[in-house]
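Student: next input, structure requested:
(one chain, ligands or ions: 1)
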Amino acid sequence: MTTDRPDTPDAAETTSQGPAQSPVAGAAELLAHAHRIEADAAERYGVLAEQMETHNNPDVARLFRKLEWIEGLHADKILGRAADTPLPALGPWEGKWPGDDSPEAVDLGEAHYLMTPWQALQMALKAEQSAFAFYDRLAQTATDAQVKQLATEFAEEEREHVELVLKELEKYPPPDETWSEDPDPAGSPE
Ligand code: ZN
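Tutor: Numbering: from 1, shown residues only. So this is what the prediction gives:
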């Protein structure tokens, strides 16, 4: 399975959105980014859970609900960290990450209504690895000591999420070749 995003916009098109990956300026800005990342991740997992519930795919729905819950807790925890620091507002296109989606948001385009838990977990794995990479890169490159410390801490939490997804993956086999054959094609949105 390839993990490259084929739709990365070229540089000429991104100038209006500012530099794609400039380091965040300080702890408050990092917390604002982290909160957005975790809230986006929770929301996206929630959307997928709902889709899977609609399509009567309860095993996958349950996994996404669990991830939604975990990321929601993470977002709340970050707000708690920021309690006495007013967080700068982060506009919808102001996140300092490459692409439009925040790094931990699963790619909805990869969802399939008949997907198996293994496939759902592969989507989650990609999102969690991408969140880890974002924080880890920041931890490596930050010059501000507080940013470095927070980014290191958040990277560690995402590493734990990656571990958790890998552990879940041990419970499920990869799908066989017939996974996308719908026993009731009338319900197919495709
Ligand atoms: Zn996570």
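
Student: enumerate the residues of this structure near the ion.
Tutor: Counting by Cβ under 5 Å from the ion, the chain comes close to the ion at 128, 158, 161. C-betas here are computed from N, CA, C, even on glycine.

Student: could you dump those to a markdown table with pLDDT, neighbour count and secondary structure?
Tutor: Shown next, in a markdown table, are these (pLDDT from 0 to 100; neighbours: other Cβ atoms under 10 Å; DSSP: H, G, I helix; E, B strand; the rest coil):
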| residue | pLDDT | neighbour count | secondary structure |
| --- | --- | --- | --- |
| 128 | 93 | 28 | helix |
| 158 | 94 | 25 | helix |
| 161 | 92 | 22 | helix |
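
Student: closest to the ion among the residues you listed?
Tutor: Within the residues of the chain next to the ion, distances to the ion taken as Cβ to the ion reach their minimum at residue 161, with 3.6 Å.

Student: now do the contacts for the residue lying closest to that closest one once chain neighbours are set aside.
Tutor: Take residue 161 and drop its neighbours on the chain: the residue closest to it by Cβ to Cβ, 6 or more residues apart in numbering is residue 128, 4.4 Å away. Residue 128 sits next to 104, 158, 161-162, 165 when contact means Cβ atoms under 8 Å, 6 or more residues apart in numbering.

Student: for the protein, which segments count as helices?
Tutor: 11-14, 27-54, 58-81, 117-141, 145-169 (DSSP state H).

Student: buried stuff in the fourth one?
Tutor: Across helix 117-141, burial judged by 16 or more other Cβ atoms under 10 Å covers 117-132, 134-139.

Student: and the last one, by the same measure?
Tutor: Within helix 145-169, the residues that qualify as buried are 147-148, 150-151, 154-155, 157-159, 161-162, 164-165, 168-169, counting by 16+ other Cβ under 10 Å.

Student: from the contact counts, what lies against that helix?
Tutor: helix 27-54, helix 58-81, helix 117-141 (3 or more Cβ pairs under 8 Å, 6 or more residues apart in numbering; DSSP states H and E).

Student: try 6 Å this time
Tutor: helix 27-54, helix 117-141 (3 or more Cβ pairs under 6 Å, 6 or more residues apart in numbering; DSSP states H and E).

Student: got the angle for it vs helix 117-141?
Tutor: With axes from the mean of the first three to the mean of the last three Cα atoms, to 10 degrees as the basis, helix 145-169 and helix 117-141 are set at 160 degrees to each other.

Student: could you check the angle helix 58-81 makes with helix 145-169?
Tutor: Going by the same axes, to 10 degrees, helix 145-169 makes 160 degrees with helix 58-81.
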